[in-house]
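Student: Generate coordinates for the sequence data below:
(chains A and B)
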Amino acid sequence: MKYACVLAALAAAAPLRAGMPNADCSHPFVFRDARVNVIVLPYRNKDAASPDLERAGSQLTLLLQQTILFSALKFPSIGTVRMVAQNPSQVADCQTSLVAPKILGQAPGAAQQLSPDGAAILLWGQIYKEGDQIYLCSYARLVKRGTDVAMESSGGGHGIFSARLPADGMTFPARTITTGLLEEVGRIFRKSATAHRERSLTSPGFDLPMDPRNPFAYQVVEATTDGWMHVRSAEGGMSGWIYANETLRSQTLARTLPELRFVDGAIGYLEFAKGANPAGILAHARPSLESFAEVGNPSTSLATATAKSMLAVMFQRDASLRSRGYQLAREAVALVPYSADARNLELVYRLDMSSRDLYQPGKWRPVADEFAQAAALGPGKKYILDNLDSFYAGVLGAPGLAGETEAAAIRTRREQLALLRAH
Amino acid sequence: MLLQRLLFLLTLAAAATAQMRDCPGISGDGYKVMLDNLSVFGPGGQTTTLLRDRLRQKVQFDLSAIQLETTPQMVLVPCRDRAPQDVTDFNPVIVDSLNDHRVLVEVWGQIEAHAGLSVQRAQLNFTVVPVNFYDRPVVPPGGFSTAYQRRIGGNPDELVKIFGDFSDLKAYVSIAAGVKSLKEHDYDQAFQCFCRADALLAQPPTGMEPAVRASLVKYVNQEVNNAFTQAHNDQPVRSSLGLDGTRPVCPGAL
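Tutor: Predicted coordinates:
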């Protein structure tokens, strides 16, 4: 019933920039009208639970949710939701593997599902504490309810070639949070968890509800450069000012946790395909993804390769950035040479860049071999086989193919391919 | 005196049983990675507990990354009551049983407790079950392991580095999943797993001995060839391997 009121109230609101600090993991809620939702799930320790650890994890996730929202206000449509377990016996419901199918409509139980073309980024982590020192490791998963295609190209006018990102799930480097920052997190938390009546920390207000039995969805109606967000509850009864203080605005947390830059850039990437102003979205997303990709880390090469691929996909739409985009696609392959999708994206990009040249006699064979290699690395990825078939069709259709022998060899390969594609 | 000796032997026997106790979690479906308890030799204390927690956390971080980023999917089976002492605990009967249960890797370890954090010795051991079962000569005499003495007892900056370090476990899991996929006639998946292992083994070395690493790289490349040959001969099974008519190799950077 509570959720029904929230939904009815939000339906009228657009554009949507909204947050919820206390959704119930067992019945996950997303802002259906937001193009992208970021869902912050608990940071926990699988082996040891202690009140200290639980409190640190809980405070951290609220700050993450607010930081992500504040940073993403530059995008046209964003919802950020912090999910918590209603009680300790339901902690298992906060696993990504249970939350994702619910919001995607693949399993029952969501208070609200993503829209048919909606996307979400799920962020969660593990936390380990020794004395005052906290170590944490974040994980992210990107989910889309509609098509998962990152890039489509006519490959020089010979068909439809499609590509996806190297990964939809990724790990970020383990971090330590210093005692000083930990204390600061607690201090900021106390400030950020209050909605003040006026735009002042001394102004009275109300505590943001944290109990998932009392879900509190709010819309950001105004944000000021000095770090304040004016929020109004979806049900209309409550409004106030939340202070995302200078620590958040200056991105201290983002410096400590570069994954926040990844999330910020990924929001832009996901909005890019649907946004009315792709150039504007790219301008906002690019610095975040570039600064994340610059840091790099061998143990998290999949995340770096994915960030580079996101940039590559967005650059493809802009003729002046396309060759830089292709370079990034190549760099992604260098990071994860075993990734079928990184290789497939590079190949589709290469066809897009080189137009018809690669279909010519003497040039087509290495490209076909590389598509075949990518297909072998990605069992079950039928779209790579489809790309290879489109490529063969393009070679057969291109003028100047040298002789019937070569054409017969291609036809034989296509017959083998047809068996696999039908499988 | 005789009674004392008898009691001592009975205690040892009971301990040994507990150490290699069956782990009921492995009876479920799918590929599995087992995480055993870590044995402690010497007088345990606060320092030992700290080291054990750190090692366990390192493994937890690695396993979460593997579960998120690696195909095929696998489940993590914690086995708190099981604590192998030595590679000889993995006799052919036990390895056969683990292989039947589709266990890819069993992770176990030891801490040798001494006074002072900086002189502790800690080691993680990895029983790569399908390699033990099908290709025993590839396993080094002392088994696959990573030593953490000194490093694991370091300051917070060193510790966070270890937590984020290249994970040998990722390479072992990929190799094991490749061998298992090959035996189960899933040649494409085997190729994918071996190539991921090949790329991981090419990363800067940390805990793995260079000779072991070199031997595994050679083994992985042999298995890629085996995957192609078997895919070629196994006509009823459809495979993408060799679509271009050539024997595949794991690709590198462009």
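
Student: Where does the record place the domain boundaries for chain A?
Tutor: Structurally, chain A divides into domains by automatic domain parsing as follows: A:2-253, A:356-423.

Student: Check whether the first one comes near chain B.
Tutor: I take that to be domain A:2-253. Yes. Domain A:2-253 is in contact with chain B by C-beta under 8 Å from any C-beta of the partner chain, via A:45-48, A:126, A:128, A:130, A:133, A:135, A:137, A:139, A:141, A:167, A:169-171, A:173-176. Every residue, glycine included, has its C-beta placed from N, CA and C.

Student: Number of residues surrounding the residue nearest to A:Cys25 when sequence neighbours are not counted?
Tutor: Counting by C-beta to C-beta, 6 or more residues apart in numbering or on different chains, A:Cys94 is the residue found nearest to A:Cys25 once chain neighbours are left out, at 3.9 Å. Neighbour count for A:Cys94, taken as other C-beta atoms under 10 Å in any protein chain shown: 19.

Student: Please apply the same query to A:Leu98.
Tutor: Other residues lying near A:Leu98 total 15 when counted by other C-beta under 10 Å.

Student: residue contacts, it?
Tutor: By C-beta atoms under 8 Å, 6 or more residues apart in numbering or on different chains, the contact list for A:Leu98 reads A:25, A:92, A:107.

Student: repeat that with 10 Å
Tutor: A:25-26, A:28, A:92, A:107, A:109 (C-beta atoms under 10 Å, 6 or more residues apart in numbering or on different chains).

Student: now, among the residues you listed, which is nearest to chain B?
Tutor: Using C-beta to the nearest C-beta, A:Ala92 comes nearest to chain B of the contacts of A:Leu98, at 14.0 Å.

Student: Which stretches in chain A count as strands?
Tutor: A:17-24, A:36-44, A:78-84, A:119-130, A:133-144, A:151-153, A:161-163, A:169-171, A:175-177, A:194-196, A:205-207, A:218-223, A:228-233, A:239-243 (DSSP state E).

Student: Where among those is average confidence lowest?
Tutor: Mean pLDDT values for these show the minimum at strand A:175-177, a mean of 80.

Student: which helices and strands sit right next to that one?
Tutor: strand A:119-130, strand A:133-144, helix A:179-192, helix A:252-256, helix B:156-164 (3 or more C-beta pairs under 10 Å, 6 or more residues apart in numbering or on different chains; DSSP states H and E).

Student: tell me the contacts of residue 77?
Tutor: I'll assume chain A. Contacts of A:Ser77 (C-beta under 10 Å, 6+ apart): A:14-18, A:31, A:33-37, A:118, A:267, A:271, A:274-275.

Student: my bad, chain B
Tutor: Counted by C-beta under 10 Å, 6+ apart, B:Val77 has contacts B:23-28, B:32-36, B:101, B:103, B:106.

Student: Test my guess that A:Arg343 contacts A:Pro166.
Tutor: Yes. Using C-beta atoms under 10 Å, A:Arg343 is in contact with A:Pro166, at 9.0 Å.

Student: the more surrounded of the two?
Tutor: A:Pro166 (30 against 27).

Student: Identify the residues contacting that one.
Tutor: Contacts of A:Pro166 (C-beta under 10 Å, 6+ apart): A:150, A:301-310, A:329, A:332-333, A:335-336, A:338-345.

Student: which residue sits closest to B:Thr146, ignoring its sequence neighbours?
Tutor: B:Thr146 sits nearest to B:Gly207 (C-beta to C-beta, 6+ apart), 3.0 Å away.

Student: part of a strand, is that neighbour?
Tutor: No. Counting by DSSP: H, G, I helix; E, B strand; the rest coil, B:Gly207 falls outside a strand, being coil.

Student: burial measure for it, as a count.
Tutor: Neighbour tally, B:Gly207, other C-beta under 10 Å: 19.

Student: beta partners for A:Val231?
Tutor: For A:Val231, the beta-bridge partners are A:Val220, A:Gly240 (DSSP bridges).

Student: now A:Ile78
Tutor: What pairs with A:Ile78, by the bridge criterion (DSSP bridges), is A:Arg17, A:Val36.

Student: wouldn't it be in contact with A:Val30 here?
Tutor: No. Judged on C-beta under 10 Å, A:Ile78 makes no contact with A:Val30 at a distance of 11.4 Å.

Student: now the helices for the stretch 151-254 of chain B?
Tutor: Using DSSP state H, counting those that start in this stretch, the helices found in the stretch 151-254 of chain B span residues B:156-164, B:168-183, B:187-201, B:210-233.
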